[in-house]
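A.B. asks: no sequence for this one, just the structure:
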């Protein structure tokens, strides 16, 4: 009996530090130009995290630039090469303070459309997203002579004056494929309370 208790305690002594180490595992690394994230992107300053698809790599700004979300290249979600919106086929998650003093998510959507040359709204729907008032919309335009589809989910965190934007930019021939990746990012998006003071992203 004593030996059984000793063995059980020994197993717990080994497992608990291992689990604690896993919880503290760093999900990001630095390249010369970017911060790249695996498994989970966390932004403790803006109160959210995103569980990433297993093969996807999320690309964010390089310190000391502000941390305002990430991009994933839909055509090659696992790439570690630098990713920007240029070239299209991008899934992005962005956060920003409500600098435009938008009264709701729909007002932010209107601003996005007005600032996309030639954009034509296809559909728009008011929703709730993670308990926040939100809008989901799809619009089309022509960029660099090629047809482009943008799908956005914009949520307004009024208590903290924050706007979250989940965005897909792609072309009609790849819309279904890239929308599936967008839906996985959407499913992995979660919010949590924002604390005062400094915080560390795992």
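C.D. replies: Okay, I see it. All figures in this text were calculated on a predicted structure; none of them were measured in a lab.

A.B. asks: And the helices in the chain?
C.D. replies: 2-23, 105-114, 175-188 (DSSP state H).

A.B. asks: residues of stretch 141-154 that come out buried?
C.D. replies: Neighbour counts over stretch 141-154 (16 or more other C-beta atoms under 10 Å) mark 141, 143, 148, 149, 150, 151, 152, 153, 154 as buried. For the C-beta atoms, the positions are set from N, CA and C on the backbone; glycine is no exception.

A.B. asks: does the fifth one really touch residue 143, like I thought?
C.D. replies: No: Residue 150 sits out of contact with residue 143 when judged by C-beta atoms under 8 Å, with a separation of 9.5 Å.

A.B. asks: Please name the bridge partners of the residue nearest the centre of the chain.
C.D. replies: Note on the chain: the residue nearest the mean C-alpha position is residue 93, at 3.5 Å, using C-alpha atoms, centre = their mean. Beta-bridge partners for residue 93, by DSSP bridges, are residue 70, residue 166.

A.B. asks: give the contact list for it.
C.D. replies: For residue 93, the contacting residues are 41, 50, 58, 69, 70, 164, 165, 166, 167, 185, 189, by C-beta atoms under 8 Å, 6 or more residues apart in numbering.

A.B. asks: mind checking how far residue 184 is from residue 93?
C.D. replies: 12 Å (C-beta to C-beta, to the nearest Å).

A.B. asks: Could you do residue 55 as well?
C.D. replies: Applying C-beta to C-beta to residue 55 and residue 93 gives a distance of 17 Å.

A.B. asks: Also residue 51?
C.D. replies: 12 Å.

A.B. asks: Same question for residue 148.
C.D. replies: For residue 148, the distance to residue 93 - C-beta to C-beta - is 19 Å.

A.B. asks: Could you do residue 49 as well?
C.D. replies: 10 Å.

A.B. asks: between those two, what contacts are shared?
C.D. replies: Between them, residue 49 and residue 93 share the contacting residues 41, 189, judged by C-beta under 8 Å, 6+ apart.

A.B. asks: How about the contacts made by the closest residue to residue 31 other than its chain neighbours?
C.D. replies: Among residues not flanking residue 31 along the chain, residue 80 sits closest, at 7.0 Å (C-beta to C-beta, 6 or more residues apart in numbering). The contact partners of residue 80, by C-beta under 8 Å, 6+ apart, come to 31, 36, 57.

A.B. asks: filter these to the buried ones?
C.D. replies: 36, 57.

A.B. asks: In strands, which of the contacts of residue 80 fall?
C.D. replies: Those of the contacts of residue 80 mapping onto strands are residue 36, per DSSP state E.

A.B. asks: Make CSV out of the contacts of residue 80 and add distance to residue 118 and pLDDT.
C.D. replies: Listed next are the contacts of residue 80 as CSV, based on distance: C-beta to C-beta, whole Å; pLDDT from 0 to 100:
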residue, distance to residue 118, pLDDT
31, 35, 93
36, 33, 96
57, 32, 97
